[in-house]
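Peer 1: Sequence and predicted structure, then a few things I'm wondering about:
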Amino acid sequence: MVSNRCKIAVKKVLRKLGLHFVIVDLGEVELMENISAAQRNQLRIDLLESGFELMDDKRAILIERIKNVIIEMVHHSDEIIKMNFSNYLSEKLDQDYMYMSNLFSEVQGTTIEQFVIAHKTERIKELIIYGELNITEIAWKMNYSSVAHLSNQFKKVTGLSPTHFKKLKEKKRSSLEDI
């Protein structure tokens, strides 16, 4: 689950099955009662119909939790993290970072850092397209140490500088008079 709509959809499935929940959060659900194997199977089927997967494998669950923390941090939070990201992730998930890093790389075929950079790049593109913030403000919002760091990383991933990306976006739009 990566959004509030996902949480709403999962809550709807749970209510339909008559299950009572304490928490429905990104990537996890805590039920008030124990469920039977038949209820669990029906929950699995209903979640699949809604585009979700019931996860039982502890390693897969941890990877989803890692992804959810990253997605939440990059796309949905204005919190400025005042510590090293590896420490933040370890603290947030109460796990050893080296274990999480090795597991993530093994299963996903990419590092946590590359996953973060990919999401940050997409978020930066989104912020540039919105046009509400300048590059300096975007760098601050996205927890970069400097505009130069953001620009170098953005160019490494996209092949374009943020300024060039912004100009390409502007070229694609035509004024109403030109149509």
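Peer 2: Yep, that arrived.

Peer 1: from here on, contacts and neighbour counts on C-alpha atoms
Peer 2: Noted.

Peer 1: Looks to me like residue 133 is in a helix.
Peer 2: No: going by DSSP: H, G, I helix; E, B strand; the rest coil, the assignment for residue 133 is coil, not a helix.

Peer 1: Give me the distance between it and residue 140.
Peer 2: Distance of residue 133 to residue 140, computed by C-alpha to C-alpha, to the nearest Å: 10 Å.

Peer 1: How about residue 40?
Peer 2: For residue 40, the distance to residue 140 equals 45 Å [C-alpha to C-alpha].

Peer 1: Stretch 128-146: how far from the chain's middle?
Peer 2: Here the centre of stretch 128-146 is set off from its chain's centre by 18 Å, with C-alpha atoms, centre = their mean, to the nearest Å.

Peer 1: From the rest of the structure, what touches it?
Peer 2: 74, 78, 80, 81, 120, 124, 127, 147, 150, 162, 166, 169 (C-alpha atoms under 8 Å, 6 or more residues apart in numbering).

Peer 1: which residue sits closest to the second one, ignoring its sequence neighbours?
Peer 2: Sequence neighbours aside, residue 141 is the residue nearest to residue 78 in space, at 7.0 Å (criterion: C-alpha to C-alpha, 6 or more residues apart in numbering).
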